[in-house]
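Enquirer: Compute the structure for the input listed below.
(4 chains)
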Number of protein chains: 4
Amino acid sequence: MGKERLAELRSQLDEINIEILELLSRRAELVQEIGELKKAKGTDRFDPIREKEMLDKLVAANPGPFDDNTVRHLFKQIFQASLGLMEEEKKVLLVSRKKRMEDTVVEVNGLRIGAGQPVIIAGPCSVETPEQMDTVAAGLQPHGIQLLRGGAYKPRTSPYDFQGLGKKGLELIRKTADKYGMSVISEIVSPSDIEMALDYVDVIQIGARNMQNFELLKEAGNVRKPVLLKRGLSATIEELLFAAEYIVSRGNDQVILCERGIRTYEKATRNTLDISAVPILKQESHLPVIVDITHSTGRKDIMFPIAKAALAVGADGLIVEVHPEPSVALSDAKQQMDLPQFEKFMEGLRTSGYLPKENLIPVK
Amino acid sequence: MGKERLAELRSQLDEINIEILELLSRRAELVQEIGELKKAKGTDRFDPIREKEMLDKLVAANPGPFDDNTVRHLFKQIFQASLGLMEEEKKVLLVSRKKRMEDTVVEVNGLRIGAGQPVIIAGPCSVETPEQMDTVAAGLQPHGIQLLRGGAYKPRTSPYDFQGLGKKGLELIRKTADKYGMSVISEIVSPSDIEMALDYVDVIQIGARNMQNFELLKEAGNVRKPVLLKRGLSATIEELLFAAEYIVSRGNDQVILCERGIRTYEKATRNTLDISAVPILKQESHLPVIVDITHSTGRKDIMFPIAKAALAVGADGLIVEVHPEPSVALSDAKQQMDLPQFEKFMEGLRTSGYLPKENLIPVK
Amino acid sequence: MGKERLAELRSQLDEINIEILELLSRRAELVQEIGELKKAKGTDRFDPIREKEMLDKLVAANPGPFDDNTVRHLFKQIFQASLGLMEEEKKVLLVSRKKRMEDTVVEVNGLRIGAGQPVIIAGPCSVETPEQMDTVAAGLQPHGIQLLRGGAYKPRTSPYDFQGLGKKGLELIRKTADKYGMSVISEIVSPSDIEMALDYVDVIQIGARNMQNFELLKEAGNVRKPVLLKRGLSATIEELLFAAEYIVSRGNDQVILCERGIRTYEKATRNTLDISAVPILKQESHLPVIVDITHSTGRKDIMFPIAKAALAVGADGLIVEVHPEPSVALSDAKQQMDLPQFEKFMEGLRTSGYLPKENLIPVK
Amino acid sequence: MGKERLAELRSQLDEINIEILELLSRRAELVQEIGELKKAKGTDRFDPIREKEMLDKLVAANPGPFDDNTVRHLFKQIFQASLGLMEEEKKVLLVSRKKRMEDTVVEVNGLRIGAGQPVIIAGPCSVETPEQMDTVAAGLQPHGIQLLRGGAYKPRTSPYDFQGLGKKGLELIRKTADKYGMSVISEIVSPSDIEMALDYVDVIQIGARNMQNFELLKEAGNVRKPVLLKRGLSATIEELLFAAEYIVSRGNDQVILCERGIRTYEKATRNTLDISAVPILKQESHLPVIVDITHSTGRKDIMFPIAKAALAVGADGLIVEVHPEPSVALSDAKQQMDLPQFEKFMEGLRTSGYLPKENLIPVK
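Expert: Next up, the predicted model:
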């Protein structure tokens, strides 16, 4: 008998479900119409006062058995879903896969980032001297490195630490790169420097500490140069995507995302490389994603396995710091590879199949 | 004209809202009846297969404009709210304010914890020697300290570190406490030691590393002795309450919660004292809440201001480690106060009004 | 016999200790002389190549029983200590207590921050409308609030969220503050806006996301207006002090530090208020320290106990967000108090002795 | 002239360095002799009181230019280095590479973990019914899975959540594994259950919440069964090694380490997989290391790239949760793969070369 009654109740439940769905759908259509009207008038569609009014009426009419808070909760969900309908175009970020299914390929003087073949970005932490830059570029070029990195503006925790050579550093890295037929990536830290930097760099790097320096992001969005955007020290994946959106929504869609480790309690590594961020970013966004294996780990001794992991997980490239003489480097001495170490590193990636053999042939 | 139409649409929206509410309420009543039937039959009320069936039917019938995922989301919310109705009794934790409005007062040989007057628990990190214990108890007693702490079982990161005196340590602290008319609180780490410990301790301490040692929690729930439960190194506030529920649901409602700092990236302190946890715990639970100011900070030099903050925020008491000669202590040497420091500390709390003056008069 | 031999060995150890000390001292004097010579020549005193040379020689001469790494480690410590001698002036930060024993008092139109009496900074999250600002200022003024806050430039995660009224917002808050005899604190996010902002604000706020926006810090260091510097989302206490040093080293010593919660795994609060940071900052620095109780907790319901804790721990003031109608606020709706709540909050602080009674008398 | 003087000073510095080294070496020999004497007497070699005495003497004799704190610091380093000498045998953990250069291979009924070929451990989160276990084992076996996982004792946050079938669950998984020629791995949570479990499991799993349940570790160390030890939710790499040392130091050297994600602020994944931990653990320890890709990410949708990353970085195996019908699972419904997903997953690993093709041939 209980079994029959149960079947009966269930069938009633199914009916009532459908009735609710129909009402919700009719409601949604009303909301769409209201949205159109508001749009015509230029009013903001979200109206918290009106929402409060509706909730108050509902609570006043609540016959039970739900308590008032549950009623409030359920209708907030319903309101939100309707609002979602209205703002559909707005909500989908330009950087998201929903907006664009195909992968964005960022092109830097013929080098295609995000097109399937992983790209290795290499160079010293800081641009220091012409000799240093020449030595390192001469050492990198035979390995097919086309993007030379080197910091001219160094955001340093202490005002008394080496702050980089500034514009002189940019000139120096540009000159070196030109000599060896390479492109330049270098960090810019001030919105007012973006314009000037266009003469020297091929990719503007925005560092972890500046991921939410929105004025800088906006300026980078205003130019037409590729931007490499590093994830902030404790930024969420979602916040990184929003930061990229600041750039792309200004019209610059040549953005490369960079996972570079997050700050956690673990001290065995400089930061904790959040390897899962790579496939999540690739899934949620069409932008290329690369991994800075130097800053995320801060340890030369695990650079090779970490590089393999980053490429295996689907990263479109790596950043590695290479210095002719790491022990005397002006910054980040402990984590930079020297040239023989880099050679072994590249060879390892090639022979284990993580990089194609052709890289051996110099580009130019 | 647009204005009139808007008003009209809004009034329709209000009506449809009420209709939806009525249907939801009728639906909820059906679910309640189904719940009663299931209860009678002893079936579990949550039935994921049936839920999936209903969602499939709804999606099949979805007329738009909501997309199918939104329909799924909204109805899951509705199902959940209905389920909430059914399982109402179950969901409210025994440790929560909703279950019990009045503060729980834990009584330890006449000392009332959670009754308004803050309680200071003091003693060395580890029980080491009879002399050490005697010296410290003799020094604490004149300040009105009624609860003597001291570890006999020390959970230590390395198997080669001092692991405590074990049962001998319990005997020793008991003897000392008896001599000075004090009660004993000491950590127990093994479920099988709980019974034995009843002869020696007045409050069973469960340490941070064991907050989710559920077997230990269950054993502690089976006895009738007050339990001080420390928050885990990276436990959420909610997880702490659930851990307490393990004890209380077994029948032992004499539980004291203890905030002792959480693990974060900041290294200036041993842990990061989550001071906000105290008012949140007090709000969500009726159990007394105390703050371990020694382990949360690991710094003697800020112990006094932190003690004031903990009492100001509403803690029912403090734990402080005091050792006759901290520099030679077998564990936690750097963070334990010596007796003169403790005297100054207590005097400071009294003269600034955080502790009552009467504490000056020894208990016995 | 063992005992005698032990005593003998110990006495030899004492002698050898003193000999080592004498050599270390002579060594240090040599290093000082070398430093002077280098200074005269304008050479950098730290010379990693020379250091490596010395270490190589030592390792080559190592007779054991220490292994080479231990020798390296010990001598690096010795080198560093000697270097410390040379760079003594440089190493002590301007913001540190070692540099200046007395508390820095920041003066804002007669209001003295850091002078003993806690200061309450209040106002809405964002400047929205003239009515909103007027209502809130009218409500705050009778409680003795002299510093009105309100965001004109809002750093927002999404480019599509309300970004503040910009310069118009500054004009608006200035006008409101003038009417009620209050001073203005507002966040500036772009280095190029600092100059302009001087006409509108009495205290420049640098937000958490910009704590390591070094260009902004430098600009703020170049002007002569008080700066309130918020701790970054995952900045260490040390990094906050270095960020302040960027400002002070440029000549602007009117800096207020602000603890506003750090990012952790705990989600019961918006951030985790690191209450221990307050006494540590007060100990290590002479700058005033205030606590933003709104952003650190994100919960109105615990604002009162948290305010008491912050004042008890030694903060020089609080920031609280107050909005005439929080539920319709354009940002941070859930965490802002309304005016009646704020009145109760202030009354609570006064009657419990955390704020002086005199505050009741309006300033003008 | 300055140049000559500099050369002279430097040569003096070199001489003095060597003199200091000689004294340090003589000192170290003395300390070794003292250590021998103490050992003979059974006294603890570290003697903080004696250390304090020596430091006091040194400070009293300090001729400058070092300040007293620097003297204290330098000599503490020297003392520590000497102590390091004395305790050499003690300090090197049994689990460390320094103790044993060759990789430990854990053997489970012929399956060799840590011997080069990666091992896939699979099965449902919880053992639920005979049908469920049979279906899953039948689905796993053709893919060469030799180690069947399934929880019988489930440590759950809430006491009201499904706690596992207990001993019945162990019986069930044993029976299923026997039918399909597989071995069993299952979590044990209570020290008193270890003995009993030997009859049912081939590998004892110790879960993340119990990584520092030292009583459980000790019991696991007392038996002669392989143990899989999961890293705690917020345990450091070092703490994981010490936890393993608890087991190995009791005589059970068949320990497998497991990285399973750490708790961070990022909520896109259930935990943050600390991929760098794998090569660090492999480097510092000789024990095999596997990665639980299910719990670390909590996301089925990134399981495949994460598996590749884990194998690329050098893990000796993976744990994946597979359930015949994840949507109705009693625990962890969202993160378990179903059998077709698992098939695709395995095929992907094989065709991309992360697993050998031979796995296709069933074991028995």
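
Enquirer: following the lowest-mean-pLDDT helix or strand in chain A, which helix or strand comes up?
Expert: The weakest-scoring helix or strand in chain A, judged by mean pLDDT, DSSP states H and E, is helix A:88-91 (a mean of 56). The first helix or strand that comes after helix A:88-91 along the chain, using DSSP states H and E, is strand A:106-108.

Enquirer: Pairing partners for that following strand, with directions?
Expert: strand A:111-113 (antiparallel) (DSSP bridges).

Enquirer: what's next to the partner strand, contact-wise?
Expert: Contact with strand A:111-113 is made by A:105-107, A:119, A:146-147, A:183, A:226, A:256, A:288, A:290, A:316-317, as judged by CB atoms under 8 Å, 6 or more residues apart in numbering or on different chains. In short, each C-beta sits where N, CA and C put it, glycine included.

Enquirer: Looking at those, which one is closest to chain D?
Expert: Nearest to chain D, judged by CB to the nearest CB, of those is residue A:316 at 12.8 Å.

Enquirer: quick one: contacts for that closest one?
Expert: For residue A:316, the contact set (CB under 8 Å, 6+ apart) comprises A:113-114, A:118-119, A:256, A:288-290.

Enquirer: For those residues, give me CSV that also has neighbour count.
Expert: Rendered in CSV, the data for these read as follows (neighbours: other CB atoms under 10 Å in any protein chain shown):
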residue, neighbour count
A:113, 25
A:114, 22
A:118, 22
A:119, 24
A:256, 26
A:288, 26
A:289, 25
A:290, 25
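
Enquirer: Between all of the residues you listed, which two are at the greatest distance?
Expert: For the contacts of residue A:316, the farthest-apart pair by CB to CB is A:118 and A:256; their separation is 12.5 Å.

Enquirer: What segments of chain A are strands?
Expert: Under the criterion DSSP state E, chain A contains strands at A:106-108, A:111-113, A:119-123, A:147-149, A:183-187, A:203-206, A:227-230, A:255-259, A:289-292, A:317-321.

Enquirer: I'd like these as JSON lines, with mean pLDDT appended.
Expert: Shown next, in JSON lines, are the strands of chain A (pLDDT from 0 to 100):
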{"stretch": "strand A:106-108", "mean pLDDT": "97"}
{"stretch": "strand A:111-113", "mean pLDDT": "97"}
{"stretch": "strand A:119-123", "mean pLDDT": "97"}
{"stretch": "strand A:147-149", "mean pLDDT": "98"}
{"stretch": "strand A:183-187", "mean pLDDT": "98"}
{"stretch": "strand A:203-206", "mean pLDDT": "98"}
{"stretch": "strand A:227-230", "mean pLDDT": "98"}
{"stretch": "strand A:255-259", "mean pLDDT": "98"}
{"stretch": "strand A:289-292", "mean pLDDT": "98"}
{"stretch": "strand A:317-321", "mean pLDDT": "97"}
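
Enquirer: Can you tell me the closest non-neighbouring residue to whichever residue of chain A sits closest to chain C?
Expert: Here chain A gets closest to chain C at one residue, residue A:234, 3.5 Å apart by CB to the nearest CB. Spatial nearest neighbour of residue A:234, chain neighbours left out: residue C:234 (3.5 Å); criterion: CB to CB, 6 or more residues apart in numbering or on different chains.

Enquirer: contacting residues for the closest residue to chain D within the stretch 101-250 of chain A?
Expert: Using CB to the nearest CB, the closest approach of the stretch 101-250 of chain A to chain D is made by residue A:237 at 4.6 Å. Neighbour list for residue A:237: A:231, A:274, A:277, A:280-281, A:284, D:266, D:268 [criterion: CB under 8 Å, 6+ apart].

Enquirer: So chain A: which segments form each domain?
Expert: The record's domain parsing of chain A by automatic domain parsing lists A:2-91, A:106-360.

Enquirer: Between these, which one is closest to residue C:193.
Expert: Short answer: domain A:106-360, nearest of the domains of chain A by CB to CB, at 8.5 Å.

Enquirer: what distance separates that closest one from the centre of its chain?
Expert: In terms of CA atoms, centre = their mean, to the nearest Å, the centre of domain A:106-360 is set 13 Å apart from its chain centre.

Enquirer: repeat for stretch A:33-53
Expert: Its chain's C-alpha centre and that of stretch A:33-53 lie 33 Å apart, by CA atoms, centre = their mean.

Enquirer: In CSV, list the C-alpha atoms belonging to it.
Expert: Provided in CSV are the C-alpha atoms of stretch A:33-53 (Å, rounded to 0.1, in the frame of the first residue of the first chain):
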residue,chain,number,x,y,z
GLU,A,33,11.0,41.8,-22.1
ILE,A,34,11.7,44.1,-19.1
GLY,A,35,15.4,43.8,-20.0
GLU,A,36,14.7,45.1,-23.5
LEU,A,37,12.7,48.0,-22.2
LYS,A,38,15.5,48.9,-19.7
LYS,A,39,18.1,48.6,-22.5
ALA,A,40,16.1,51.1,-24.6
LYS,A,41,16.0,53.5,-21.6
GLY,A,42,19.6,52.9,-20.8
THR,A,43,18.8,51.8,-17.2
ASP,A,44,21.0,49.2,-15.4
ARG,A,45,19.2,45.9,-15.6
PHE,A,46,20.1,44.8,-12.1
ASP,A,47,17.9,46.6,-9.7
PRO,A,48,18.5,45.6,-6.1
ILE,A,49,15.7,47.7,-4.7
ARG,A,50,13.1,46.1,-6.9
GLU,A,51,14.6,42.7,-6.1
LYS,A,52,14.2,43.4,-2.4
GLU,A,53,10.6,44.4,-3.0
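
Enquirer: before we move on, back to that, count of residues packed around the residue nearest to residue A:234?
Expert: Applying other CB atoms under 10 Å in any protein chain shown, we find 23 residues neighbouring residue C:234.

Enquirer: need the contact list for it.
Expert: Shown in contact with residue C:234 (CB under 8 Å, 6+ apart): A:233-234, A:263, B:265, C:262-263, D:265.

Enquirer: Residue A:324 is in contact with residue A:135, correct?
Expert: Yes: counting by CB atoms under 8 Å, residue A:324 is a contact partner of residue A:135 at 4.2 Å.

Enquirer: Now the top helix by length along chain A: buried residues?
Expert: What stands out as the longest helix in chain A, according to DSSP state H, is helix A:2-41. Residues of helix A:2-41 classed as buried: A:6, A:13, A:16-18, A:20-21, A:23-31, A:33-35, A:37-38 (neighbour count, 16 or more other CB atoms under 10 Å in any protein chain shown).

Enquirer: If you count contacts, what does it end up packed against?
Expert: When contacts are defined as 3 or more CB pairs under 8 Å, 6 or more residues apart in numbering or on different chains; DSSP states H and E, helix A:2-41 packs onto helix A:68-86, helix B:2-41, helix B:48-61, helix B:68-86.

Enquirer: what's the offset of that helix from the middle of its chain?
Expert: The gap between where helix A:2-41 is centred and where its chain is centred comes out at 39 Å by CA atoms, centre = their mean.

Enquirer: tell me the angle that helix makes with helix A:48-61.
Expert: On the basis of axes from the mean of the first three to the mean of the last three CA atoms, to 10 degrees, helix A:2-41 is oriented at 150 degrees to helix A:48-61.

Enquirer: Let's check: the centremost residue of chain A is which one?
Expert: Centroid check for chain A by CA atoms, centre = their mean gives residue A:257 as the closest residue, at 3.5 Å.
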